[in-house]
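>>> build me a model from this:
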Amino acid sequence: METTTHDNLKMEYTDPIELRQIDKFVCDEISRQMHRYIKAMKGSHAHMIRFEQRLRELPQPEREQALARYIDLNRHSVDGLDWKLVVARAMADYCDTYGYFLEMLADEARMAFYENRAKDKYLQYHRVSESADGHFGLTAHDGTVLIPAVYDFLRTPYVYVDDLKTMPVIAQRNGRFGLVRPDGEGTVIVPFLYDDIQLRDEPPYFEALHDGETTLLDV
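The predicted structure follows:
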């Protein structure tokens with residue numbers, strides 16, 4: 001008997017309408033989860049409206065990618081998330097009868113396929129990489145280099161960001177701190193002039209210290 005894998009499940013479930021609609025409804029569920037997270041973190045109606053407005057402006061694939069990037073920066077947003085429940089709610093939205101909904105729920109292979117598909121789309125975590133000479137960089141979930149491993153220290157900004165922008169990374173080189181964009185080139189957007197740079201939990205998100213003076217970095 002052939003072992004069930006993500007790949008052969010994908011070959012089995014090729015109904016393009018079902019696939020497209022389940023993807024859409026899963027995306028809606030993840031958006032709602034982020035809505036609840038923002039509300040719990042800040043309690044700001046304005047933050048939620050801004051977040052949701054930005055998402056609505058994006059086509060479906062870019063919306064999925066934006067949510068994945070948001071989750072990567074705010075990993076606590078999916079703490080305790082029941083992915084089976086996410087898929088079940090998406091199936092409920094897709095099905096036109098209660099009986100068909102129960103039939104889909106009872107299909108363990110189909111549930112596993114959509115659960116794995118959802119996790120593949122939305123859990124795309126980057127990681128800090130280390131070179132042979134002890135320097136650090138940043139790598140995407142698929143191995144793409146975001147920041148080359150040439151820095152003495154990196155601090156990834158796991159902070160609340162409600163406007164979906166790409167956050168720069170705090171880096172240290174030759175004893176000085178600056179900010180680097182994880183764009184594949186390691187573009188320096190704040191030069192390495194500071195004694196320290198700290199994260200803040202509200203805009204502007206970075207606070208720099210130089211010669212005893214504190215500066216807020218609006219980047």
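>>> contacts, neighbours, all on C-alpha from now
OK.
>>> Leu179 contacts Leu193, correct?
No: using CA atoms under 8 Å, Leu179 makes no contact with Leu193, being 10.1 Å away.
>>> quick one, which of the two is more surrounded?
Each of Leu179 and Leu193 has its neighbours counted (other CA atoms under 10 Å); Leu179 has more, 24 against 15.
>>> ok, the closest residue to Ile71 other than its chain neighbours - how many residues close by?
In this structure, Ile71 finds its nearest non-sequential neighbour in Ser77, 6.5 Å apart by CA to CA, 6 or more residues apart in numbering. Ser77 is flanked by 21 other residues according to other CA under 10 Å.
>>> what's the longest helix belonging to the chain packed up against?
Ranked by residue count, the top helix of the chain under DSSP state H comes out as helix 16-42. Applying 3 or more CA pairs under 8 Å, 6 or more residues apart in numbering; DSSP states H and E, we find helix 16-42 packed against helix 45-56, helix 60-73, helix 83-94.
>>> with only the CA atoms kept, save the second one in CSV.
It stands for helix 60-73. Only the C-alpha atoms of helix 60-73 are listed here, as CSV (Å, rounded to 0.1, in the frame of the first residue of the first chain):
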residue,chain,number,x,y,z
GLN,A,60,-4.9,36.5,-3.0
PRO,A,61,-1.3,35.2,-3.5
GLU,A,62,0.2,38.4,-2.2
ARG,A,63,-2.2,38.5,0.7
GLU,A,64,-1.0,35.0,1.7
GLN,A,65,2.6,36.1,1.5
ALA,A,66,1.9,39.2,3.5
LEU,A,67,0.3,37.2,6.2
ALA,A,68,3.2,34.7,6.3
ARG,A,69,5.6,37.6,6.7
TYR,A,70,3.5,39.1,9.4
ILE,A,71,3.4,35.8,11.3
ASP,A,72,7.2,35.5,10.9
LEU,A,73,7.6,38.8,12.7
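>>> right, I'll leave it there.
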